[in-house]
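Peer 1: What shape does this take:
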Amino acid sequence: MKEVYQADNTVDAQLLCNWLQQAGINASVEGGYLQGGIGELQAIGIVRVVVEDADFYAARDVVEHWDALQQSQHGQDSDQRELREKRVARLGRRFMAQFFKIAVFIAAALMAIVWLRR
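Peer 2: Modelled structure (predicted):
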């Protein structure tokens, strides 16, 4: 068995293992149960996906495709985060404009009340 991927966590390893199995490659996750024994420390390099020696190069192609999809997904996430931040900023500006209008109206009303009481 050869290591084809070193995962950050058990979930990623299992997802990739399922992808490999759907491609007809016999794959398994090793070290998935060890992650719980680490405790608060970051477990790096413990969880890995392994395949049969004969399937190694076919598995590498699937892993490269998997990595490309993961990177494009992270790019989309950052684009969506940027759009969300712009919307929040725009809503904040609208809120401040409305707040300013209301504050001016209240100040004018109070000034009118004070002037009428004289």
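Peer 1: for Val50, phi and psi?
Peer 2: phi -120, psi 150 (degrees, to the nearest 10).
Peer 1: Same question for Val4.
Peer 2: phi -110, psi -20.
Peer 1: Any idea what the residue nearest to Gln6 when sequence neighbours are not counted is bridged to?
Peer 2: Once flanking residues are discounted, Gln6 sits nearest to Arg48: 5.0 Å by Cβ to Cβ, 6 or more residues apart in numbering. (Glycine included, C-beta is placed from N, CA and C.) Beta-bridge partners for Arg48, by DSSP bridges, are Gln6, Glu30.
Peer 1: got a list of what Arg48 touches?
Peer 2: Counting by Cβ atoms under 8 Å, 6 or more residues apart in numbering, Arg48 touches Glu3, Tyr5, Gln6, Ala7, Ala13, Val29, Glu30, Gly31.
Peer 1: was I right about the third one contacting Val63?
Peer 2: No - taking contacts as Cβ atoms under 8 Å, Gln6 lies outside contact range of Val63: 10.3 Å.
Peer 1: more crowded one of the two?
Peer 2: Val63 (18 against 14; other Cβ atoms under 10 Å).
Peer 1: What strand or helix carries the more buried one?
Peer 2: Element membership for Val63 (DSSP states H and E) is helix 56-116.
Peer 1: remind me which residues of the chain are low pLDDT?
Peer 2: 34-45, 74-79 (pLDDT under 70).
Peer 1: go again using 50 as the cut-off
Peer 2: Scanning the chain for pLDDT under 50 picks out no residues.
Peer 1: returning to that earlier point: now do the residue nearest to Gln6 against Arg90, distance only.
Peer 2: 45 Å (Cβ to Cβ, to the nearest Å).
Peer 1: is it true that Ile46 touches Gly31?
Peer 2: Yes - using Cβ under 8 Å, Ile46 is in contact with Gly31, at 4.4 Å.
Peer 1: Looking at these two now, which is surrounded by more residues?
Peer 2: Legend: neighbour count by other Cβ under 10 Å for Ile46 and Gly31, higher for Ile46 (20 against 17).
Peer 1: Now that one: which helix or strand?
Peer 2: Assigned by DSSP H and E, Ile46 falls within no helix or strand.
Peer 1: And it, how far from Glu3?
Peer 2: From Ile46 to Glu3 the distance is 12 Å (Cβ to Cβ).
Peer 1: Good, wrapping up.
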